[in-house]
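Participant: Attaching a predicted model along with its sequence, questions to come.
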Amino acid sequence: MRPSPSLSLLLAASAALTGHAPARADETGSEQYAGYRFNVYGEDALSAPSLGDPRRYEVYSQQFLLNTPIGNRNTLSVNATHEVMSGSSPWYVLPGPDNKPIQVLSGATIRDHRSAATVALTHDAGGNDTTTVDATYSQERDYHSTALGAERTLPLNAALTFGFGGSFSHDRIEPTDAVLYERVLRAQKNTTSAFASLSLVLDRHSVVESGIQLDYQSGYLSDPYKLVSVGDALDSDTRPDRRGEAAWLVRYRHAVNENAALHLDTRLAINSWGQHSLMLEANWYQSVSGGWQLVSGLRYYSQSRARFYAPFFAANSGPYFSSDYRLGAFGAVAANANLRKRIGRWEFSAGAERYHASTGYAIGGTTSADPAVVSYSRVFAGLDYHFD
Amino acid sequence: MGCPCALHLEADATSIAQAAHAAVVVECMRLERKYSHYRDDSLVARIAASAGSDIEIDDETADLLDFAAALHAQSGGLFDISAGALTRLWDAQNGRLPDPSEITLALAVSGWRRVQWRRPRLRLDVPGMRLDLGGIVKEYAADRCAKICRDAGVTAGVVDLGGDLALIGPHRDGSAWVVGIKAPHVSGHAAARIELPRGGLATSGDYERALIVDGRRYSHIVDPGSGEPVQSFASVSVVAESCLVAGAAATLAMLMGRQRGGAYLRELGLPHLVIRDDGSIDGDIVRIA
């Protein structure tokens, strides 16, 4: 476990002074710990009319974390992830009797691995003024992604903190069996993001933060593995080569009493593909006897469809079309519970999440079917070792 | 330091221990002279005298002011080094409750919002304002003294500045030091004994300076917003990697009061022990007696 937010603040604020007088010079900035997480993610089998194997994605992921101070003002954190994914994935949608959609799933079970590593370096200039730079590399058989980011938090006065940052990622795609299935041979896309936020201490129990995030993507933004039913023919998933999104985030933290805290989060976003989305989340942090901490929460999400989304298209549609369920209109509710307990230098955590999505949950309903909309369950367990 | 201080050292030779002891005494005198609230020639007095205009601050003091500013933010304004005028009103030595008009006057010359701090320049907006770094300097001094001992070649020992402890290092056989946490209201009695191999232990309490009028206790720990004493624990003790962090955590928990302070300590995740007015003890510091 990372040090609690309050302890991180105390340690960061005291680093300059304990640097004059380090009890242990290498441990003044932040805590040194290593951790391991095991995560199982499973999507529900498709219940709508379908062709192909209805068993969908399962992902087993392992994560290794290391956090270590370097000198008095810098902290290095390393995060390595390895995932094994298998299952069939939605391929295209055919019009059935009465124009009811029939989802076609990829015939063969896909099995793939993903490896990723992130290295982040945080410099603490004192007085809660921190700068973080990070780099991430992620690799699959057919996908390579490189990302760089930087962010800064800058206290403006005792109650107000300004945060800002940006990131850039470059992804390369080389689809498997490209010649066999007439997929694009290779393609790339770039994503640029920027954000700014203000965090205000309302009183001694509450903090509110509001921020804006802007994303811009360019390049090949289609899914090379998906097809679209256009008239009597099948065509490639074809999306615009640019996408902009603006999101507004508000976070509220309130200490309800000595054992409990309420966290409320909301995110409202709109993008240039004609979609808007809303996320509402509430989490309750409860300390219980024996040093246990329980976190339970509810989340609601709703999005509208992209203007070029439909389950299938009439002949001569275009120029853009996609029947990727992720671009359709749907809503989702999710519930999660996490439990955490520290024993000496070891800290154990475990949790579960259930996410249920449906077109019926979308705000304002939807007029277009989204047969592959996915629900999932997730469980995880973790073990951290604190070096001191 | 205005409190009983002790230095426990284990060294290869008496001369090494004596050299470390001398260096510690010099360092304590230096910090006393620089930050004392009671001396007219201290830096604190010079800052007060410069109220209304900018003064350039040295690196060490700037680090202390940055730390104080961070504690002010983290405590939602409860920790305020500019509230010295209020603290003095409720000092036990006065022997009486302050008039509401005195509280109003003290509030007028208190408040971090009236302090303009842009490292390295500091300005107190209102003449009569005075910074009180007493809430952090003693713990800082304990950490400094421990560092000085290590630099002098002493690897095992404890610096004890009025119950705020900084470990130089464990006993030379590697075992932890056994240290006592003072019992409120009972002079010379330890409420608990714990093993401490390194880091720091600090206690914040109102048992030595509480004002008692008509049998009612008024803490000298004052809410800088209302000017009234906070209803809090009899004492809070915290173990951390430095005495400075332990002291800050204990002081903030005292300022937050019994409800919020308890939650804050649990959220911090540092070993702690709280003693209430009725003598009941709570917390997760492992006690050995």
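Facilitator: Arrived safely, thanks for sending. Residues are numbered from 1 along each chain as shown, chains lettered A, B, ... in the order given.
Participant: Before we move on, what's the pLDDT of residue 134?
Facilitator: Using chain A here. Note on residue A:134: pLDDT of 97.
Participant: not what I meant, chain B
Facilitator: pLDDT, residue B:134: 80.
Participant: Show the contacting residues for it.
Facilitator: Neighbouring residues of residue B:134 by Cβ atoms under 8 Å, 6 or more residues apart in numbering or on different chains: B:35, B:37. Where C-beta positions appear, they are placed from N, C-alpha and C, glycine not excepted.
Participant: As PDB, could you dump the C-alpha coordinates of stretch A:244-253?
Facilitator: The C-alpha trace of stretch A:244-253 is given here as PDB (Å, rounded to 0.1, in the frame of the first residue of the first chain):
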ATOM      1  CA  GLY A 244     -11.400  15.000 -30.000                       C
ATOM      2  CA  GLU A 245     -12.900  14.700 -26.500                       C
ATOM      3  CA  ALA A 246     -13.400  17.200 -23.700                       C
ATOM      4  CA  ALA A 247     -14.300  16.000 -20.200                       C
ATOM      5  CA  TRP A 248     -15.200  17.800 -17.000                       C
ATOM      6  CA  LEU A 249     -14.500  16.000 -13.700                       C
ATOM      7  CA  VAL A 250     -15.600  16.800 -10.200                       C
ATOM      8  CA  ARG A 251     -14.400  15.000  -7.100                       C
ATOM      9  CA  TYR A 252     -15.600  15.500  -3.500                       C
ATOM     10  CA  ARG A 253     -14.100  13.900  -0.400                       C
END
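Participant: and the residue lying closest to residue B:251 once chain neighbours are set aside, which of the three is it?
Facilitator: Distance criterion Cβ to Cβ, 6 or more residues apart in numbering or on different chains; nearest residue to residue B:251, sequence neighbours excluded, is residue B:204 at 4.7 Å. Here residue B:204 is strand, with the state taken from DSSP: H, G, I helix; E, B strand; the rest coil.
Participant: what's the answer for residue B:249, then?
Facilitator: helix.
Participant: from what I can see it touches residue A:10, true?
Facilitator: Yes. Counting by Cβ atoms under 8 Å, residue A:10 is a contact partner of residue B:249 at 6.4 Å.
Participant: between those two, what contacts are shared?
Facilitator: Shared contacts of residue B:249 and residue A:10, defined by Cβ under 8 Å, 6+ apart, are found at B:240, B:268.
Participant: coming back round to it: show me what the residue nearest to residue B:251 bridges to in the sheet.
Facilitator: residue B:236 (DSSP bridges).
Participant: quick one: contacts for it?
Facilitator: Here residue B:204 is in contact with B:221, B:235, B:236, B:237, B:247, B:250, B:251, B:253, B:254 (criterion: Cβ under 8 Å, 6+ apart).
Participant: pLDDT and neighbour count added to these, as CSV?
Facilitator: As requested, the contacts of residue B:204 are exported to CSV (pLDDT from 0 to 100; neighbours: other Cβ atoms under 10 Å in any protein chain shown):
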residue, pLDDT, neighbour count
B:221, 82, 23
B:235, 90, 26
B:236, 93, 27
B:237, 93, 29
B:247, 95, 28
B:250, 94, 30
B:251, 93, 23
B:253, 93, 28
B:254, 92, 25
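Participant: now for those residues, which pair is the farthest apart?
Facilitator: B:221 and B:237 (15.0 Å; Cβ to Cβ).
Participant: pLDDT at the residue nearest to residue B:251, what is it?
Facilitator: At residue B:204, the pLDDT recorded in the model is 89.
Participant: again, but for the one 10 residues further on
Facilitator: Among the per-residue scores, residue B:214 holds a pLDDT of 79.
Participant: swap in the one 4 residues further on?
Facilitator: In this prediction, residue B:218 carries a pLDDT score of 80.
Participant: mind listing what it touches?
Facilitator: B:90, B:97, B:210, B:211, B:212, B:229.
Participant: Could you tell me how many residues sit around the fourth one?
Facilitator: Neighbours of residue B:211 under the rule other Cβ atoms under 10 Å in any protein chain shown: 21.
Participant: repeat for the third one
Facilitator: Neighbours of residue B:210 under the rule other Cβ under 10 Å: 20.
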